[in-house]
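Q: Sharing a model prediction with you, sequence too.
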Amino acid sequence: MLPSRATAPDPYVPHHGARDFVVDHYGLRLRYRVEPNRLEGVATLDVRALERLEDVHLDLVGLRVSRVEVDGERVRYAQKRHGLRVRTPRPLEAGGTATVEVSYAGNPSPAGGPWGDVGWEELSAGVLVAGQPTGAPTWFPCNDHPGYKATYDLTITTDSPYTVVANAPVHRVTRRASTRTWTFERTEPMCTYLATVQVGPYDTGRLGRHAHVARTADAADDVAHDLDRHDELFGLFEDLFGPYPFASYTVVVTPDDLEIPLEAHGASVFGANHLDGSRGSDRLVAHELAHQWFGNSVSVRTWRDIWLNEGFACYAEWLWAEASGGPDADDLAHEHHTRLAQLPQDLVLSDPGPELMFDDRVYKRGALTLHTLRLTLGDDAFFALLRTWTERHRHGHATTDDLRALVRESAGAAGSPAGAADDLLDRWLDETALPGLPARDAARRSIRGRAGRRP
Ligand SMILES: [Zn+2]
């Protein structure tokens, strides 16, 4: 039997993930032919049992398995629509480890779900992978849940002259007559949904001092124009949130238009429409970069805490606006508060439910919660709290309760009563009615116009 809803680790994604084992490392060797959209892969998973188990259940969608080995021994397996059950040659006791190697192939395609199509998706030329929240099993077998992190080694061979961008710096490119093999450095620990490959007719180049960019040659000027303040953005976020958490950051601009940009570990993916020379997506560029700290390094343990990703990334947009000469965060907070007040107030931020987890109210109410916290604690304590948050949970997981505990600590250190901070979070996070905003206080705008100059 495949795991039932009762044994899945997260009620928001009841058919994904298993809780009796973790994968500590994924080694992925892939061969992808663009034109027929044909993927062949060998995935080597370092599995560690959390309890005694005789089967390892992996998520895999739309791809056919041809062979499975456990510790080098060929084993029996059963494949169903969303999963692969691997019989271990002998039971694994809690804490025991095994290497599971899965050979598979097929024509990958997105998986439909309540949040639209996610996963491996063909572009007009190439591929993008949109993993959030359940897209990873469309291209490799995995224990698909944000509550687990693993390191990854990825090697992918594809047709010349396509370029591949993934989650880590390129280690080596081997060229043959009609193919190139891209080997990437080992990643820091990451969630399955943040694993990605982006295949396209890209030219790559540096993006300021800190990042790289991958775009088609004809888009290069427009993209450079729209991202000309990227160094300032990057510098501001390092000042406010702490050191950038990963080995590299690449902005990918697909030749196709995209409805929304996507975040991945060490990369953000934009459509041609987002970076078209009109500088109309400054807000989104800030949002996606902020996810590297909030979501990708400090990750949710279960999806009910999605506001820890989206509320923080949304508030980062407002901070960038304030620091870069746009409207103050306080003005944006009042504008969005007025809008939210006109919408139905039936959403609980700390548990929005799977249907509403990507609702815009999660983003805006999350940002308003942080703004209220900033006004209550003061800028010094608030930004110190953000840096403690990203440092304490770097490359790990955190929950809303972890944030409550940190807010209590910070309030104590700032001389505010901890009870007041608790009440504030209770009202914003656990109740449906929209709380009022604190009075405007211009004196607290310590980051106004700060972008572009280091403190
Ligand atoms: Zn986001």
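A: That came through fine.

Q: Export stretch 408-423 to CSV, keeping only CA atoms.
A: Presented in CSV, the C-alpha positions along stretch 408-423 are these (Å, rounded to 0.1, in the frame of the first residue of the first chain):
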residue,chain,number,x,y,z
ARG,A,408,9.3,37.6,23.1
GLU,A,409,13.0,37.6,23.5
SER,A,410,13.4,40.8,21.4
ALA,A,411,10.6,42.6,23.2
GLY,A,412,12.3,41.8,26.5
ALA,A,413,15.7,43.0,25.2
ALA,A,414,14.1,46.2,23.8
GLY,A,415,12.4,46.9,27.1
SER,A,416,8.8,46.4,25.8
PRO,A,417,6.5,44.1,27.7
ALA,A,418,6.5,40.7,26.2
GLY,A,419,2.8,40.3,26.8
ALA,A,420,2.1,43.2,24.4
ALA,A,421,4.0,41.6,21.6
ASP,A,422,2.2,38.3,22.2
ASP,A,423,-1.2,40.1,22.0
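
Q: Can you pull out the low-pLDDT segments for the stretch 301-450 of the chain?
A: Scanning the stretch 301-450 of the chain for pLDDT under 70 picks out the ranges 441-445.

Q: which SS class is the closest residue to the ion within it?
A: Residue nearest to the ion within the stretch 301-450 of the chain: A313 (4.5 Å; Cβ to the ion). Bear in mind the C-beta positions are built from the backbone N, C-alpha and C, glycine included. Of the three states, A313 takes helix under DSSP: H, G, I helix; E, B strand; the rest coil.

Q: Measure how buried it is and give me the count.
A: By other Cβ atoms under 10 Å, the residues close to A313 number 24.

Q: contacting residues for it?
A: Applying Cβ atoms under 8 Å, 6 or more residues apart in numbering, we find A313 in contact with 263, 287-288, 290-291, 294-295, 363.

Q: And the strands in the stretch 151-300 of the chain, which stretches?
A: With DSSP state E, counting those that start in this stretch applied, the stretch 151-300 of the chain shows strands at 151-159, 163-165, 170-175, 179-184, 198-200, 203-207, 211-215, 250-253, 262-264, 267-270, 298-300, listed in chain order.

Q: quick revisit: hmm, which of the contacts of A313 is lowest in pLDDT?
A: Model confidence across the contacts of A313 bottoms out at E263, which has 95.

Q: Quick one: residues contacting that one.
A: Contacts of E263 (Cβ under 8 Å, 6+ apart): 132, 194, 269, 288, 291-292, 295-296, 313.

Q: Could you rerun that using 10 Å?
A: Listed by Cβ atoms under 10 Å, 6 or more residues apart in numbering, the contact partners of E263 are 130-132, 193-194, 196, 269, 287-292, 294-296, 309, 313.

Q: is it in a bridge, and if so with what?
A: S268 (DSSP bridges).

Q: Please report the distance of it from T432.
A: According to Cβ to Cβ, to the nearest Å, E263 stands 28 Å off from T432.

Q: re the thing from before, what's the spacing between the residue of the stretch 301-450 of the chain closest to the ion and H291?
A: Here the criterion is Cβ to Cβ. By it, A313 lies 5 Å from H291.

Q: for L236, same thing?
A: 15 Å.

Q: What of P146?
A: According to Cβ to Cβ, P146 and H291 sit 13 Å apart.

Q: circling back to that earlier point, dump the contacts of A313 to JSON lines, plus distance to P344.
A: Converted to JSON lines, these look like this (distance: Cβ to Cβ, whole Å):
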{"residue": "E263", "distance to P344": "27"}
{"residue": "H287", "distance to P344": "24"}
{"residue": "E288", "distance to P344": "28"}
{"residue": "A290", "distance to P344": "27"}
{"residue": "H291", "distance to P344": "27"}
{"residue": "F294", "distance to P344": "26"}
{"residue": "G295", "distance to P344": "26"}
{"residue": "Y363", "distance to P344": "16"}
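
Q: In helices, which of those residues fall?
A: 287-288, 290, 363 (DSSP state H).

Q: one step back: what about the strands of the stretch 151-300 of the chain, which gets the closest to the ion?
A: Using Cβ to the ion, the strands of the stretch 151-300 of the chain put strand 262-264 closest to the ion, at 6.0 Å.

Q: Contact residues of this structure facing the ion?
A: 310, 313 (Cβ under 5 Å from the ion).

Q: Run the chain-centre distance for stretch 280-287.
A: Taking Cα atoms, centre = their mean, to the nearest Å, one finds stretch 280-287 lying 16 Å from the centre of the chain it belongs to.

Q: Quick one: neighbours of the closest residue to the ion within the stretch 51-200 of the chain, just the number.
A: Scanning the stretch 51-200 of the chain for the residue nearest the ion gives Q132, at 8.6 Å (criterion: Cβ to the ion). A count of nearby residues for Q132, using other Cβ under 10 Å, gives 22.

Q: Repeat that for P435.
A: Each residue near P435 was counted by other Cβ under 10 Å, and the total is 16.

Q: surely L236 meets E317?
A: No. Judged on Cβ atoms under 10 Å, L236 makes no contact with E317 at a distance of 11.9 Å.

Q: what ranges do the helices span in this protein?
A: 220-226, 230-241, 282-290, 307-323, 329-341, 360-377, 379-392, 400-413, 418-425.

Q: and the longest one, how far out from the chain's middle?
A: When you say that, I think you mean helix 360-377. 20 Å.

Q: same check, this time on the shortest one
A: Relative to its chain's centre, helix 220-226 lies at 25 Å (Cα atoms, centre = their mean).

Q: can you list contacts of that helix?
A: The contact list for helix 220-226 (Cβ under 10 Å, 6+ apart) reads 203, 205, 207, 213-216, 219, 230, 251, 253, 270, 272, 274-282, 285.

Q: Which among those count as buried?
A: 207, 213-216, 219, 230, 251, 253, 270, 272, 274-276, 281-282, 285 (16 or more other Cβ atoms under 10 Å).

Q: Closest one of the contacts of A313 to V22?
A: When the contacts of A313 are compared for distance to V22 (Cβ to Cβ), G295 wins out at 19.9 Å.
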